[in-house]
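In: prediction below, plus the sequence it came from.
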Amino acid sequence: MAFCTRVPHRLHLARTFVDARIKWVRDPYLDIAVEREKNLKEILSLKNQIVSSPSNSLPLSSLSPLKTHFNLPTSTSKLFQKYASVFSQFQPSPSLPLHVRLTPQAMTLHKEELAIHNSPSHRDDAVKRLAKLLMLTKAGRLPLDIIDRFKFDLGLPPHYITFLLSDYPEYFQICEYKNPFDGKEILFLELISWRKELAASEMEKRASFSDDVELEKGLPLRFSMKLPNGFDLEKKVKNWVDAWQDLPYISPYENAFHLGPNSDQAEKWTVAVLHELLWLLVSKKTEGKNVLCLGEYLGFGNRFKKAMVHFPGIFYVSNKIRTQTVVLKEAYRKDFFMENHPLMGMRFRYIHLMNKADKFRKRAFRRKRKVIPSADNGEVTKEDDKSMEEIKGLNESSDSVFEDVSADETLKPQIIET
């Protein structure tokens, strides 16, 4: 189904990357861009759960078990209190339990977001993004559980199968395949046929547009490199990167697994696949565990991980918001997102509303703490300190997705000099 580009045999096995130490350097601006969306995905998941009810409200008790399902950082009741500008708690009647609904401001944003999801232009864009994701695979299909990992980043609506895909029968079908390891049936989303008009990467489209001609296969397209301030590559590494950039560019929509997995050419193709994957996402970033899960399924093993380690000028791994996030650096200028996407505009408005509630609660607590002593001797009690910690936010921790990517560790790739 995919076209294979042949490259000289010497590139199949050649590995010329010099034995050098590459240090991971923190990018404070990209950390800000990631941290800005703290709790956003979880809040929107709860929001969608609430508005799925006919009454646009749900009992608080029915939402409490969702902590694990939505990977919430704390209990639902604490999140509702923390983001009082998004969620409103009320009691429909004395005989009924406490319920939760959206505030008028949050409901207004939800309706505007729904209008974006319903717009023909966005629906067409979301379908093409999803189709291109499937085209990155050799078989043109992915398990639904992997797609679910990316649905937020792809800009898909919550119930994308019934809400969106059912209107595109010419694109997709859902199939059931047996897992060869345990014999269980797994649901897949499959592309009905290869769509040649979509089989051009962002890198290829840029080159074709600038030259105003059909792109010739095997050209040495160069990736945008944005090294952190104060970060200098050793001369021998810089020379290697320049030579690596001049290798033929193999499209991520082609199958290049015939290349030796440790060769420079194979690594450039791996970078091309990872670059295209991140470019398909509306925010040009996603959780590292999503990338590794997809890479494992596609057959790349740990090659995605190595690509991010070797090329800090292309990819950045942030340790913010309780996870590790892979960011495509060229999509950001400092912490400013360069692409004007309507869904990202909506998400920034949700963030503004969330921060509005948090700032109000912090000010209110400071006033209360200043006026009312918490103990007979006027000292602050442990309960007050605990409340202050809750208002300040949740403690962050990082999953060890990339064990060799940390703020204080120097990275030494497994490389062979030739």
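Out: Structure's in. What do you need?

In: so where is the chain shaky, pLDDT-wise?
Out: Applying pLDDT under 70 to the chain flags the ranges 1-22, 209-214, 230-232, 357-418.

In: and the strands in it, which stretches?
Out: 22-23, 57-59, 87-90, 99-102, 141-143, 172-178, 185-191, 285-287, 315-318, 325-328, 332-333, 336-337, 410-411 (DSSP state E).

In: just give the nearest non-adjacent residue to Leu156, would you?
Out: Residue nearest to Leu156 in three dimensions, not counting chain neighbours: Ala126, with 5.6 Å by C-beta to C-beta, 6 or more residues apart in numbering. Bear in mind the C-beta positions are built from the backbone N, C-alpha and C, glycine included.

In: what's around the one you found, how many residues?
Out: If you count neighbours by other C-beta atoms under 10 Å, Ala126 ends up with 23.

In: residues contacting it?
Out: When contacts are counted by C-beta atoms under 8 Å, 6 or more residues apart in numbering, Ala126 touches 117, 154-157, 160, 164.

In: ranges for the helices of the stretch 1-150 of the chain?
Out: Ranges of helices in the stretch 1-150 of the chain, per DSSP state H, counting those that start in this stretch, are 10-13, 28-35, 40-51, 60-63, 66-69, 76-82, 104-118, 120-135, 144-154.

In: need those in CSV (columns: distance to Lys217).
Out: Converted to CSV, those look like this (distance: least, C-beta to C-beta, whole Å):
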stretch, distance to Lys217
helix 10-13, 15
helix 28-35, 33
helix 40-51, 39
helix 60-63, 53
helix 66-69, 46
helix 76-82, 51
helix 104-118, 37
helix 120-135, 17
helix 144-154, 28
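
In: ok, which of those helices comes nearest Asn290?
Out: Of all the helices of the stretch 1-150 of the chain, it is helix 144-154 that lies closest to Asn290, at 4.6 Å by C-beta to C-beta.

In: right, so of the helices of the stretch 1-150 of the chain, which gets closest to Trp279?
Out: Closest among the helices of the stretch 1-150 of the chain, using C-beta to C-beta: helix 120-135, at 9.4 Å.

In: ok and the closest one relative to strand 172-178, angle-wise?
Out: Angle, helix 120-135 to strand 172-178, by axes from the mean of the first three to the mean of the last three C-alpha atoms, to 10 degrees: 30 degrees.

In: now find how far off-centre helix 120-135 is within its chain.
Out: 16 Å (C-alpha atoms, centre = their mean, to the nearest Å).

In: if we can go back for a sec, Pro220 is nearest to which of the helices of the stretch 1-150 of the chain?
Out: Among these, helix 10-13 sits nearest to Pro220 (C-beta to C-beta), with 12.3 Å.
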